[in-house]
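S.K.: Pasting the sequence and the predicted model now:
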Amino acid sequence: MLNDVRHCLLTMIRFGPRLFWLAIGAALCATVLEGAGVITLLPLLQMAQSKAPASGLFGVPIRMLTAVAGATPPLWLILAAFVAAITLRSMMLAAREYLAARLRLGFANELRNRLFDAVCAADWVQIARQRRATLIHALSEDITRIDRGVLSLLLCIATSFL
């Protein structure tokens, strides 16, 4: 099974390497922005409310930023920065979904075209011996199943960053 996943991934990368890596990059950026936005919100709010230095994992970088700025930023600025981070994250998620849809639909169409070419180039005596339902099923349902499998694979890759 792992070989099948690897083969599918390599085939997708060969189909659209730029599109594949852009989708992965957008997923990674969205994940980083989500984590940074949520993790830094509480120390920033704590610092704005109590005027005390921020604590926690991101306390040191936040304290360094406020030392450079010379003062504790006002609450509206902290919330505006958080909203900007969440907006950027949403834009990255939308980009990821768009790129992933282009990749999987293009990949499925490429497979469908290859199947049509193979049927057209095949020996018609062999094709005439096949049941018509088998051919129609291969041209429609099997490609749709592959499309769903590619979608599942892309979602698996995207959620592995979470």
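M.R.: Structure's in. What do you need?

S.K.: center of the chain - which residue?
M.R.: Centroid check for the chain by Cα atoms, centre = their mean gives A27 as the closest residue, at 3.7 Å.

S.K.: Please name the residues that touch it.
M.R.: 92, 96, 157-158, 161 (Cβ atoms under 8 Å, 6 or more residues apart in numbering). Where C-beta positions appear, they are placed from N, C-alpha and C, glycine not excepted.

S.K.: Longest helix in this protein, please.
M.R.: helix 75-121 (DSSP state H).

S.K.: Among the contacts of A27, which one has the most neighbours?
M.R.: Neighbour tally across the contacts of A27 (other Cβ atoms under 10 Å): the maximum, 22 neighbours, falls on R96.

S.K.: Give me the distance between that one and R148.
M.R.: Look at R96 and R148: by Cβ to Cβ, to the nearest Å, they are 18 Å apart.

S.K.: Can you spell out which helices and strands pack onto the longest helix of the chain?
M.R.: Applying 3 or more Cβ pairs under 8 Å, 6 or more residues apart in numbering; DSSP states H and E, we find helix 75-121 packed against helix 2-15, helix 17-50, helix 132-139, helix 141-160.

S.K.: Thanks a lot, catch you later.
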